[in-house]
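[1] Next comes the sequence, and after it the predicted model I'd like to discuss.
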Amino acid sequence: MRMGIILDKIIHNGPIVSIFIQNSTVTLTVNGIEEVEQEFEAILQRLRQFEVIRELVFECDDPLRQLADSITNDIIDSLQNEGSRISAARFVYRCSTKNAVLFMYLLKKFNPEVLKSLKVEKEKFPGVFICHLQDLEHWKNLEDLEIVPVVPANEDYFLAMDDFKVTLSSASNYEITSLKEKFHNKQLRRDVFLRFDICTIRSSNVDNLVIENVLMDIKQNGIRMITCTTLVPENLAVFRFEPNRIQGKYFPRNVVEDADDLSIFFDYILFFVNLLSDGCICLILIV
């Protein structure tokens, strides 16, 4: 069986911007050219010069401690004083603040019609934080999401997205079967196949899952894989269940049915997808 070939890769136009905070000094880097500013308002004014930013990265110097409240408050004041919105297709946030307040203010500053991809590292979310996020238009319009820290929420908060990767504390058998049912009934919003990747801190008993109406059910080496139909007859949903990981992906029906070894096929495709740079829209050709 011949496997995945990348046919095309379309990258968002615009620069890559990185904002780095160290000892109250903010460094703005645009495509390798650095500018150091003391006032965050000057940073926001600089960002207004770009029609669309391909990726904006916001990070702090020390991943092991929270950003000082004084710096956080200064940045929030600047955000509130600046009326315009940031037009960026992807936002990468690598910082930690008290109650994740800075992340919320920054996210609201983006243009929700432009922002499509979000990655969060280092931040620790309060228990009700995701509940507030899901009410934002920025959250509702996201297509791709990756949150590295443990998220105090269930899969319902993410299923509207085409591609999400999160870590949850646990997933019960009911939640897993519910996730499978909701995912395979999703409708494609754009010309890319849906997928998700959920890791769990506590293990699940995937061998005892009772899942109905599946086309194929394979168990091997503690891994269980199933396929089922989708709303689009030409596609199938493929699920991979491990004790601490749940993955799902849409594939063309003919590719799944022709696969010699489904587990190798699934890993191979995910490997190629993960190799693609973040913030890109890609078409995969299977031959």
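    Yep, it's here. Numbering: from 1, shown residues only.
[2] Point out where the stretch 151-287 of the chain drops to low pLDDT.
    264, 267-287 (pLDDT under 70).
[3] Strands of that one, start to end?
    Ranges of strands within the stretch 151-287 of the chain are 163-168, 195-200, 216-220, 223-229, 235-242, 245-252, 280-286, based on DSSP state E, counting those that start in this stretch.
[4] Mean neighbour count for the ones you listed - can I get that in a markdown table?
    Just so you know, the C-beta spots here come from the backbone N, C-alpha and C atoms, and that holds for glycine as well. Output for the strands of the stretch 151-287 of the chain, formatted as a markdown table (neighbours: other Cβ atoms under 10 Å):
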| stretch | mean neighbour count |
| --- | --- |
| strand 163-168 | 20 |
| strand 195-200 | 20 |
| strand 216-220 | 12 |
| strand 223-229 | 19 |
| strand 235-242 | 22 |
| strand 245-252 | 20 |
| strand 280-286 | 15 |
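[5] got the ones you listed as CSV, with distance to Y157 columns?
    CSV is the format used below for those (distance: least, Cβ to Cβ, whole Å):
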stretch, distance to Y157
strand 163-168, 9
strand 195-200, 12
strand 216-220, 28
strand 223-229, 23
strand 235-242, 19
strand 245-252, 15
strand 280-286, 23
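[6] what's the closest of the ones you listed to L47?
    Set against L47 and scored by Cβ to Cβ, the strands of the stretch 151-287 of the chain come closest in strand 280-286, at 21.6 Å.
[7] Hmm, K186 and L159 touching each other?
    Yes - between L159 and K186 a contact is recorded at 7.2 Å, counting by Cβ atoms under 8 Å.
[8] that older thread, nearest to K109, of the strands of the stretch 151-287 of the chain?
    Nearest to K109, of all the strands of the stretch 151-287 of the chain, is strand 163-168, at 22.2 Å by Cβ to Cβ.
[9] ok, the closest one: who's next to it in the sheet?
    Sheet pairing of strand 163-168 (DSSP bridges) gives strand 144-150 (parallel), strand 195-200 (parallel).
[10] Dump those strands into TSV; add distance to L102 as well.
    TSV is the format used below for the strands paired with strand 163-168 (distance: least, Cβ to Cβ, whole Å):
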stretch	distance to L102
strand 144-150	15
strand 195-200	25
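[11] So which of these is nearest I76?
    So among the strands paired with strand 163-168, strand 144-150 is nearest, using Cβ to Cβ, at 21.3 Å.
[12] how much distance is there from the closest one to the middle of the chain?
    5 Å (Cα atoms, centre = their mean, to the nearest Å).
[13] what comes into contact with it?
    90, 116-125, 158, 161-169, 201, 278 (Cβ atoms under 8 Å, 6 or more residues apart in numbering).
[14] And those, which of them are buried?
    90, 116-120, 122-123, 125, 158, 161-168 (16 or more other Cβ atoms under 10 Å).
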